[in-house]
Every structure is written in C-alpha cells, then in structure tokens.
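Engineer: All I have is the shape, not the residue letters:
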C-alpha cells in the first residue's frame, strides 16, 4: 500500500473537522464549521490541493459544506462511524494496487499465478486495519487492534 500525499491530507483534514465537532464517538456532531483556509493553514496543506480533496470527500458523502461568511465543512456522520478506509477510498479508490490496477484485477499465469492470492491477502489485511479504525479512535490515539 502506498499512502499518497492526497490520502494523508484527506485524513488530516477529516481529523481536524472531527476535532472541531467535538471529536467524540457519542454521535454528537454539533461543532463549529471549519473553513477550508483554516484547515489548510492548521494542517499545512496547500489550499488549492485541499479544495479538490474536500470536494471528493463531499461527493463521497463524508463531509457537507455550508456556504456564506459563516460557512465551512462538517462531518456527515459522527467520527465513530467514519473509518480510515472510508476516507482512503473517497480520495484514492482502491486500497491496494498492483501496477496501477486494483489487486483483484492483477492477473498472472504460469509460475507467477500464486501472486494473485498474495496481493488479495495483502489487500484484505490492509482493509481489516483501515476499516476497523475510525476517526474517533485516532482522535483518542487508540487505533483498534486486529
């Protein structure tokens, strides 16, 4: 698994928005709206790059935005219902790629045929970790154990 700058920035932005919402896993999303410029400054992310990431997160249903002077971004669900895997898939697609293709599409023949099973096992292990770790876990510095 390669973690791109885009994926790293997306997770950092989501954590900052979750923290502004209170960050707890109790389902309370009543926090302040976070402006893109503030996220960019606090997380040291180029604003123009961050705006594209926020758009992807909004399209994936993880964030919603409010326009206007008092506008900004907020989570669509509580932090304990949004996983690292949700965020990674929203901005990067497949969790594991082989030569640019999703692991399940990597095809081999002959002596290399067993590689498909290896890549699928790697993909499954990564999915287990990222799909069991929520934003709330990360905000409390307690990633889940697998």
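Structural biologist: That came through, no problem. Everything numeric here is computed off the predicted structure, so don't read it as measured data. Numbering: from 1, shown residues only.

Engineer: going forward, measure contacts and count neighbours with C-alpha atoms only.
Structural biologist: Will do.

Engineer: quick one: residue 43 from residue 15, how far?
Structural biologist: 10 Å (C-alpha to C-alpha, to the nearest Å).

Engineer: Of the two, which one has the most company?
Structural biologist: residue 15 (22 against 14; other C-alpha atoms under 10 Å).

Engineer: contact partners of the helix or strand the more buried one falls within?
Structural biologist: Assessed by DSSP states H and E, residue 15 sits inside helix 5-20. Taking contacts as C-alpha atoms under 8 Å, 6 or more residues apart in numbering, the residues outside helix 5-20 that touch it are 31-34, 39, 43, 45, 50, 53-54, 57, 73-75, 78-79, 84, 87-88, 91-92, 135-136, 138-139.

Engineer: mind running it again at 7 Å?
Structural biologist: By C-alpha atoms under 7 Å, 6 or more residues apart in numbering, the surrounding residues in contact with helix 5-20 are 31-32, 34, 39, 43, 45, 53, 74-75, 79, 87-88, 91-92, 135.

Engineer: List buried members of those by neighbour count.
Structural biologist: For the contacts of helix 5-20, a burial check counting by 16 or more other C-alpha atoms under 10 Å picks out 32, 34, 39, 45, 53, 74-75, 79, 87-88, 91-92, 135.

Engineer: Can you redo these as a markdown table, where the extra columns are distance to residue 123, pLDDT and secondary structure?
Structural biologist: What follows is the buried ones among the contacts of helix 5-20, written out as a markdown table (distance: C-alpha to C-alpha, whole Å; pLDDT from 0 to 100; DSSP: H, G, I helix; E, B strand; the rest coil):
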| residue | distance to residue 123 | pLDDT | secondary structure |
| --- | --- | --- | --- |
| 32 | 36 | 81 | coil |
| 34 | 33 | 94 | strand |
| 39 | 31 | 94 | helix |
| 45 | 28 | 95 | coil |
| 53 | 23 | 97 | helix |
| 74 | 30 | 95 | strand |
| 75 | 27 | 96 | strand |
| 79 | 24 | 95 | helix |
| 87 | 16 | 97 | helix |
| 88 | 13 | 96 | helix |
| 91 | 17 | 95 | helix |
| 92 | 14 | 88 | helix |
| 135 | 21 | 96 | helix |
